[in-house]
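**Q** Here is a sequence with its predicted model. Questions after.
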Amino acid sequence: MKQLLVFIRKEFFHVFRDRRTLLIMFGLPVVQIVLFGFALTSEVKNITLTVIDQARDVNSTQIINKIKSSSYFIVDESAINYDAVSTAFKKGTAKCALIFPAGFGNDLQHAGQAQVQILTDGSDPNMAKTVVNYLTSILTAYQQEISPGAQLPYRIIPEQRMLYNEEGNGSLNFIPGVMALVLMLVCTALTSVAVVREKELGTMEILLVSPFKPLLVLLAKAVPYLVLSLANFTLILVLAVFVLHVEVKGSILLLFLVSTLFIIACLSIGLMISNTTNSQQTALLLSMMGMMIPTLIFTGFMFPLENMPWIFQMISYVVPARWYFLIIKAVMLKGLGFSYIWKETAVLLGMTVVALSVALKNFKIRLS
Amino acid sequence: MNDKVIVCEELTKQFGDFVAVNHISFDVRKGEIFGFLGANGAGKTTAMRILCGLSYPTSGKATVAGFDVYKQQESIKKNIGYMSQKFSLYENLTVVENIEFFGGVYGLSSAEIRRRSDRLVNKLGLAPEAKKLVGSLPLGWKQKLAFSVAIFHDPQIVFLDEPTGGVDPITRRQFWDMIYEAAAAGITVFVTTHYMDEAEYCNRITVMVDGKVEALDTPGNLKARFRAASMDEVFYQLARGAKRSAD
């Protein structure tokens, strides 16, 4: 046991002395969060909103004026009908539209409720969501304004449609995606490199002739990366919550437990890779090409899996990050408990067991 | 048996059809500096790996420090030290951290490690560098430190696999002084080398050719037997008949 602690301490020295790797490890999530979070979901300001007012009554005019006075929108009233809007969407010149049906004010005053339609371009889901939120809040503010006292308020029902991406997929997806990507990268690449480095330098031989158990070598190598990865995961979570204001709806404990499982899966894959190669470059390349790219493509946070040909969908089933991504999304964004994610967790667990046993088996074979 | 720390009888290692080590027999006495010579591919490394408990022989018998190479690899590992041709310390750990790590791996107590580590650092004159990363030391010092670390836990036998590759002649000479010192302290030294002048420093030499032991004697006797002026010539006469090409 003491031997193991000595070994783990040494591994921590390695990690902390390698400033560049540390920088990559902790810089990567920050950069990605900032990139995905701000470059891609930047606040929508001065966006052109196409308005078709088929009602042309007091209420619709008042609402349009309110929209005009907000800093978010530049109102374009040149379009005369739905077809014109549709064409503008296709060309990409319009990103969002607000349509008042004929008789809007009439409905509102007599029936107590009226509908408006909000159209958004779903290929830019972040923008689409933001626009809907802004418009809805303007409408809500307006209906409160015109509802006298405690009387039953008028209701304006915004009917939303996100063109091209009805589900609005992709808005919050990137945080679980970044988690999967960063953990995958850190655990797989850095672990495989750490083991292979010892082979390359010749120190592995020294360790093997020492009374130290070979399996403990792997364990000792994995521990620092497990710890650092959990720290990394915490960092991403903190960034997501405090910088991007993403609400964590589910259990934090569950998130950590599942992430630990995923990290172990990645570490095992890293160890597996380290068994197949003797050079750090090959190890790095293998983990990049073999893990990073499939993670990017087949996890579903960049490209929707449903739209892929079935062969690619099949491939995606063997990518551990895909399952982890589903779990994190379910727990973090939807607030679901373990009973909803046990299947995905079981798949992940199975993958971990397979990867770990292959890694350990190969490591033993190399010795005899 | 008492003073024989390594005994090999008909030791053989086969990889498929290829016989890497072909029925070799020899023994090494306690405190001896035993040179293990051979061209690349002659089977030196394979034999050494078996003796270090890294690989199992196909047939034959061998004991190291009294322990059987088939059944008692773990006990063998506790009683030997090893230094390879590649530099075998961690460059991004300091001198003291390296010592502490290897001491810890061999199960020495912290107090014992500290005591021996102080003594070692002073002996090597590395006290001012004790807190520096090993990577910043000159190669000669690194090799001396690596050797000291290999015998830090007082093994019965130390295996040196081409320990002086790439080291300048003066450092090599100093390195051999350290080997003599270790041997005098009762540590058996099993050393492979390509430098024939180093072979002369050994008490006894084995020359391996194509997996077999072709000669085993003191350097003086070998030179007399082959009517050679130097070990270089002896080696050349033995090794030129080799069929295996160097790898």
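**A** Received the coordinates, thanks. Numbers count the residues shown, from 1 in each chain, chains lettered A, B, ... in the order given.
**Q** could you give the mean pLDDT of the lengthiest helix in chain B?
**A** Secondary structure of chain B read by DSSP state H shows that its longest helix is helix B:169-184. The average pLDDT for helix B:169-184 rounds to 91.
**Q** and that helix, what does it pack onto?
**A** strand B:33-38, helix B:139-150, strand B:188-192 (3 or more C-beta pairs under 8 Å, 6 or more residues apart in numbering or on different chains; DSSP states H and E). Glycine gets a C-beta too; all of them are placed from N, C-alpha and C.
**Q** Any chance you could list what contacts the second one?
**A** Outside helix B:139-150, the residues that touch it by C-beta atoms under 8 Å, 6 or more residues apart in numbering or on different chains are B:81-83, B:87-89, B:95, B:98-99, B:102, B:120, B:123-124, B:126, B:129, B:134, B:137, B:158, B:160, B:163-164, B:166-168, B:170-171, B:174-175, B:178-179, B:182.
**Q** Buried ones in it, by neighbour count?
**A** Across helix B:139-150, burial judged by 16 or more other C-beta atoms under 10 Å in any protein chain shown covers B:140-150.
**Q** And the longest helix of chain B, how far out from the chain middle?
**A** Distance, stretch centre to chain centre, for helix B:169-184: 13 Å (C-alpha atoms, centre = their mean, to the nearest Å).
**Q** List the buried residues of that helix.
**A** The neighbour-count check on helix B:169-184 (16+ other C-beta under 10 Å) flags B:171-172, B:174-176, B:178-179, B:182-183 as buried.
**Q** Now do the residue of the stretch 151-300 of chain A found nearest chain B against residue B:161, distance only.
**A** Residue of the stretch 151-300 of chain A nearest chain B, by C-beta to the nearest C-beta: residue A:202 (2.7 Å). Distance check for residue A:202 against residue B:161: by C-beta to C-beta, to the nearest Å, it reads 10 Å.
**Q** Mutual contacts of the two, please.
**A** Each of B:84-85 lies in contact with both residue A:202 and residue B:161 under the rule C-beta under 8 Å, 6+ apart.
**Q** For those two, work out which one has more neighbours and name it.
**A** Using other C-beta atoms under 10 Å in any protein chain shown as the criterion, residue A:202 and residue B:161 rank with residue B:161 on top: 23 against 16.
**Q** Report the contact partners of the more buried one.
**A** Neighbouring residues of residue B:161 by C-beta under 8 Å, 6+ apart: B:45, B:48, B:82-85, B:192.
**Q** quick one: least confident of those?
**A** pLDDT across the contacts of residue B:161 is lowest for residue B:85, at 77.
**Q** What is the neighbour count of the closest residue to it other than its chain neighbours?
**A** Distances taken as C-beta to C-beta, 6 or more residues apart in numbering or on different chains place residue B:162 nearest to residue B:85, at 3.8 Å, with adjacent residues excluded. Using other C-beta under 10 Å, residue B:162 is surrounded by 18 other residues.
**Q** ok, residue B:162 touching residue B:172?
**A** No: the pair formed by residue B:162 and residue B:172 falls short of the contact definition of C-beta atoms under 8 Å, at 11.6 Å.
**Q** before we move on, what SS does residue 116 have?
**A** No chain in the question, so chain A it is. Following DSSP: H, G, I helix; E, B strand; the rest coil, residue A:116 is assigned to strand.
**Q** That one and residue A:103 touch, don't they?
**A** No: using C-beta under 8 Å, residue A:116 is not in contact with residue A:103; the gap is 11.9 Å.
**Q** where does chain B have low pLDDT?
**A** Across chain B, the ranges flagged by pLDDT under 70 are B:1-2, B:244-247.
**Q** Which stretches in it count as strands?
**A** Remark: strands assigned in chain B by DSSP state E are B:4-15, B:18-29, B:33-38, B:59-64, B:67-68, B:80-83, B:157-161, B:188-192, B:204-209, B:212-217.
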